[in-house]
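A.B. asks: Mind folding the following:
(chains A and B)
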Amino acid sequence: MADTKEIAIGDIQARGEEIKSDRMSLNVGPSHPTTHGVLRLKMELDGDTITYVDPVIGYLHRGDEKIAENMTYNQFVPYTDRLDYLAPLANNVAYAIAVEKLADLEVPERCQAIRVICCELARISSHLLGLGVFGMDTGAWTPFMYCFTEREKLYDLFEELTGARFTTSYTRIGGVTRDVPEGWLDRVEAFLDEFMRTVDELDKLLTRNRIFYDRTVDIGIITKEDAIAYGITGPNLRGSGVDWDLRRDKPYCGYEQYDFDIPLGSKGDCYDRFLVRLEEVRQSASIVKQAIKKFPPGLWYAEDAKKIYAPSKDKILTSMEELIQNFMLVTQGPQIPAGEVYFEAENPKGALGFYVVSNGGGVPYRLKIRAPSFCNLSILPKLLPGLMLTDVTSVLGSLDFVMGECDR
Amino acid sequence: MTQSDWIDLLVKAGLGLTVIFSLMTMAGMSVLAERKVCGFIQGRLGPNRTTLPLIGSIPIIGRAITRLGLFQLLADGIKFLFKEETVPGHVKKFYYNLAPIVVILPSLIAVAVLPFGTYTNAEGVTAPLILANVDIGILVILASSSLGVYGTVLAGWAANSKYPFLGGIRASAQMISYELALGLAIVPVFLWANAPGSDVALGLTGIVSFQESHWFVYLMPFTALLFLITLFAETNRAPFDMAESETDLVGGFHTEYGAFKFGMFFIGEYAHIVFGSALFVVLFLGGFNFLPMLADPWPAGILGAVLSTLWFIIKTAALIFLFIWVRWTLPRFRFDQVMHLGWKILLPLAIVNLVVVMIFLAIITPTAS
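C.D. replies: This next block holds a predicted model:
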């Protein structure tokens, strides 16, 4: 392996360390089954033990933040789909709320309830994938397939609601694109009962499985202090035992009306993160059920926001005022007053933040995205050394990141 | 040599080829079974589209065969044959080409000493169906199956690339450490069968005829379990498949192989499984004997031979199903956990088991008088 050492020497010298010839450098990714996308890890191995890790990110960088400056607020909604592409609905909602805060706009209760349902269904969809893929990373393929079967049903529901399975682009500034279809809520409820069986099955297949237990317990421990210091959010933070959930601590979208538990881990290892996700799926289902139970009547958009939310099509075709309003909206975008706002929402992967600066008009002056996956991955160089090569799959699976969001 | 000697030789060669072809066919069928059973376990359909131009349009049978995916086997085989043979520039060519052959050979050698059926002629004389009825059958099997690891190590080394290298190292360490427990799990069977006065020696036909009325699987369940676990490890099957674990090593030792060479690794792995299952059937499930405590119903003549062989294959298939079932249910061990299990748990258990069986046998065996 003469040729491989030369690469390692550069890295070692850069760190000012002595060159140890018994180390092997290993490049994992950007195209590798462990990395769930295009993460690349430059590793140095001592036998099967990792001594050094350097994550390389940016293979999926598209310049979303810069793109946002060149389009109106509503035109950016499809780009938010592609951040955490496993939970596009949650991204849509977080972005819409951020801009609405800037415009100081309150959406009606029905819209809020729809958004909560969307967010929680997105969380279920994302966590199902996270749990399934985590099982696959430890070598159990079947749970992954079970989860995908359920996600397929969710996608059908999304398609019915938004018109698209994957890239939903459901929200607009000041509301959502359309009301829930007739009977959709019943179908959601039916799904929630049905998919709980899969979650229980997942629980039975993995939670008490001795091999799974061996592969995840005490692997990749993130302490409370580390979790806070590295800015880790979401289930990964709660897996470390930090009691912080934006849905409860900084409620938005009317989350304060719902009753739900926040699962916490005790140790912060891969197993805890798995358990936290498993419980969060159940809690999300309960939130959706509550939201459906007290689903409020009314409109699904802010009616008084004439300069922000487009009027309905039949009014555009019949009334002069609405026609002008629509024309202005399409050509110049929703009119957002000057100012700046930072808003974080509790997304499946963690706290997704949008920092929006507006100079007035229909285009943001600057839009910064705080991507949870990016922060969650930042701990890798600290987490991985000392573990074995096979543990990388467990740790990466348990961190449940999405490169679309990390690289944005 | 006289003419009859030549004919004898030709018949032997023909039989040998038949057995090898059957083993390969069974390996191929277990690939298909793996995909179908995996689909069944995961709530999918598995391969169900491949068909030949005309057969698919036969009213009922053609459709059924297509749905069963029987032609998938053929399609995969053709794909492996006709894909371009690419040899990466950095490999050590001789060993790179040698490795797939070494992987596939051991199970083909070992199958020669495996009794798979019984034949009773008109006079009532019974003979086992076996290619080479040798006294040292189990030694041949142990010797040749130990060779299997060389293919994996060679592949890992010859590929001259890091993932295969790691895979090769893992595979060799694992196979070597489980060989011991495997051997120790076989010993009790032969101890029991070699009661004073018997002429079983180390041949497998004796083991099968010994199990005519009672099978070892319930005489010595713990030994059978030990043997089964080590068999999983020896065949590199899940949950012990970290040598080729696709999630971290992307295929392990065969990462750099493509086309037909990969096909040989693939078939070799399944040939191992088929052979391992057959060995378990011979050692613990009574071989071609019908059921415990029941007389063999095989009629005299060819029919009996065919029926007993079929029964043997059915038992083997059941065990192959177990292999597949376990693979799609359990997660994968980590490398050091496999080592830990092998050296610190299975090996001591195998030794204790051996001692216990020895004491037990000393008590129940009537002293030679």
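A.B. asks: Just give the number of residues close to the residue nearest to B:N121 when sequence neighbours are not counted.
C.D. replies: Using Cβ to Cβ, 6 or more residues apart in numbering or on different chains and skipping residues adjacent in sequence, the residue nearest B:N121 is B:A300, 6.6 Å away. Using the backbone N, CA and C atoms, a C-beta is placed for each residue, glycine as well. B:A300 has 15 neighbours, counted by other Cβ atoms under 10 Å in any protein chain shown.
A.B. asks: Please tell me how far B:A300 sits from chain A.
C.D. replies: 47 Å (Cβ to the nearest Cβ, to the nearest Å).
A.B. asks: List the residues that contact that residue.
C.D. replies: B:A300 makes contact with B:120-122, B:124, according to Cβ atoms under 8 Å, 6 or more residues apart in numbering or on different chains.
A.B. asks: Can you give me the pLDDT of it?
C.D. replies: At B:A300, the predicted lDDT confidence score is 74.
A.B. asks: Assign it to helix, strand or coil.
C.D. replies: coil (DSSP: H, G, I helix; E, B strand; the rest coil).
A.B. asks: Quick check: it vs B:L15, distance?
C.D. replies: The spacing between B:A300 and B:L15, counted by Cβ to Cβ, to the nearest Å, is 20 Å.
A.B. asks: repeat for A:L299
C.D. replies: Using Cβ to Cβ, A:L299 is found at 83 Å from B:L15.
A.B. asks: do the same with B:F335
C.D. replies: 42 Å.
A.B. asks: Between the two, tell me which one has more neighbours.
C.D. replies: Comparing B:F335 with B:L15 by other Cβ under 10 Å, the one with more neighbours is B:F335, at 23 against 14.
A.B. asks: mind listing what the more buried one touches?
C.D. replies: A:48, A:388-390, B:170, B:173-174, B:242.
A.B. asks: any chance of those residues in TSV, plus distance to A:G360?
C.D. replies: Shown next, in TSV, are the contacts of B:F335 (distance: Cβ to Cβ, whole Å):
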residue	distance to A:G360
A:D48	59
A:M388	56
A:L389	54
A:T390	55
B:R170	63
B:A173	68
B:Q174	67
B:M242	60
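A.B. asks: could you flag which of the residues you listed are buried?
C.D. replies: Buried subset of the contacts of B:F335 (neighbour count, 16 or more other Cβ atoms under 10 Å in any protein chain shown): A:48, A:388-390, B:170, B:173-174, B:242.
A.B. asks: From the residues you listed, pick the one nearest A:S312.
C.D. replies: Relative to A:S312, the closest of the buried ones among the contacts of B:F335 is A:T390; by Cβ to Cβ it sits at 56.5 Å.
A.B. asks: Grab the nearest non-local neighbour of that closest one.
C.D. replies: A:T390 sits nearest to B:R334 (Cβ to Cβ, 6+ apart), 4.6 Å away.
A.B. asks: The stretch 101-250 of chain A against chain B: which residues are in contact?
C.D. replies: For the stretch 101-250 of chain A, the residues in contact with chain B (Cβ under 8 Å from any Cβ of the partner chain) are A:135-142, A:145-146, A:149, A:205-206, A:209, A:211-212, A:214-215.
A.B. asks: what does the stretch 1-150 of chain B put close to chain A?
C.D. replies: B:38, B:41-44.
A.B. asks: now the closest residue to chain A within chain B, nearest residue through space, not along the chain?
C.D. replies: Closest residue of chain B to chain A, Cβ to the nearest Cβ: B:R332 (2.6 Å). Spatial nearest neighbour of B:R332, excluding adjacent residues (Cβ to Cβ, 6+ apart): A:G139 at 2.6 Å.
A.B. asks: Tell me if I'm right that that neighbour and B:T329 touch.
C.D. replies: No: in this structure A:G139 lies outside contact range of B:T329 using Cβ atoms under 8 Å: 10.5 Å.
A.B. asks: quick one: the helices in the stretch 101-250 of chain A?
C.D. replies: Per DSSP state H, counting those that start in this stretch, the stretch 101-250 of chain A carries helices over the ranges A:109-137, A:141-162, A:184-202, A:210-216, A:224-229, A:235-239, A:246-249.
A.B. asks: Please state the offset of the first one from the chain centre?
C.D. replies: I take that to be helix A:109-137. Chain-centre distance of helix A:109-137: 9 Å, with Cα atoms, centre = their mean, to the nearest Å.
A.B. asks: And the residue nearest the centre of chain B?
C.D. replies: Residue closest to the average C-alpha location in chain B (Cα atoms, centre = their mean): B:F275, at 2.0 Å.
A.B. asks: That one in helix, strand or coil?
C.D. replies: Per three-state DSSP, B:F275 ends up helix.
A.B. asks: and the gap between the closest residue to chain B within the stretch 1-150 of chain A and B:L330?
C.D. replies: As assessed by Cβ to the nearest Cβ, chain B sits closest to A:G139 within the stretch 1-150 of chain A, at 2.6 Å. Separation of A:G139 from B:L330 (Cβ to Cβ): 7 Å.
A.B. asks: the more surrounded of these two?
C.D. replies: Taking neighbours as other Cβ under 10 Å, A:G139 and B:L330 compare with A:G139 leading, 26 against 22.
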